[in-house]
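Peer 1: this one's sequence-less:
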């Protein structure tokens, strides 16, 4: 079956999409995913440490927790209230 572009059928030019079979979907490279995750977690931990330093707060264990959990660690740093 030949596919005729929309412009050649006499109608306005339009974009047509093809359906990709699930088995043909590209899979992300595992090494690239792990590197991106590591870079993001280190950046989040640096942000938590920098914020604590700039606001004269004690960061506690939150930079280490952020290294392990990523955004969950950042959320914990900002929203966790320790009972005194």
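Peer 2: Happy to help now that I have it. What you see is a predicted model, and the numbers here were worked out from it, not measured in a lab.
Peer 1: which secondary element of this protein has the worst mean pLDDT?
Peer 2: helix 71-79 (a mean of 92; mean pLDDT, DSSP states H and E).
Peer 1: buried residues in it?
Peer 2: 73, 74, 77 (16 or more other C-beta atoms under 10 Å). (Each C-beta comes from the backbone N, C-alpha and C, glycine too.)
Peer 1: longest helix of the chain?
Peer 2: Under DSSP state H, the helix in the chain containing the largest number of residues is helix 30-54.
Peer 1: quick check: angle from it to helix 71-79?
Peer 2: Interaxial angle of helix 30-54 relative to helix 71-79 (axes from the mean of the first three to the mean of the last three C-alpha atoms, to 10 degrees): 10 degrees.
Peer 1: list the buried residues of helix 30-54.
Peer 2: Within helix 30-54, judged by 16+ other C-beta under 10 Å, the buried ones are 41, 44, 45, 48, 52.
Peer 1: pLDDT and distance to residue 68 added to the residues you listed, as TSV?
Peer 2: Supplementary listing: those in TSV, determined by pLDDT from 0 to 100; distance: C-beta to C-beta, whole Å:
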residue	pLDDT	distance to residue 68
41	96	8
44	96	11
45	96	9
48	95	12
52	94	17
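Peer 1: those residues into TSV, with extra columns for distance to residue 35?
Peer 2: TSV is the format used below for the buried residues of helix 30-54 (distance: C-beta to C-beta, whole Å):
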residue	distance to residue 35
41	11
44	15
45	16
48	21
52	26
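Peer 1: return the member of those nearest to residue 32.
Peer 2: Ranked by distance to residue 32 (C-beta to C-beta), the buried residues of helix 30-54 are led by residue 41 at 15.1 Å.
Peer 1: surely that closest one is in contact with residue 70?
Peer 2: Yes. Between residue 41 and residue 70 a contact is recorded at 5.0 Å, counting by C-beta atoms under 8 Å.
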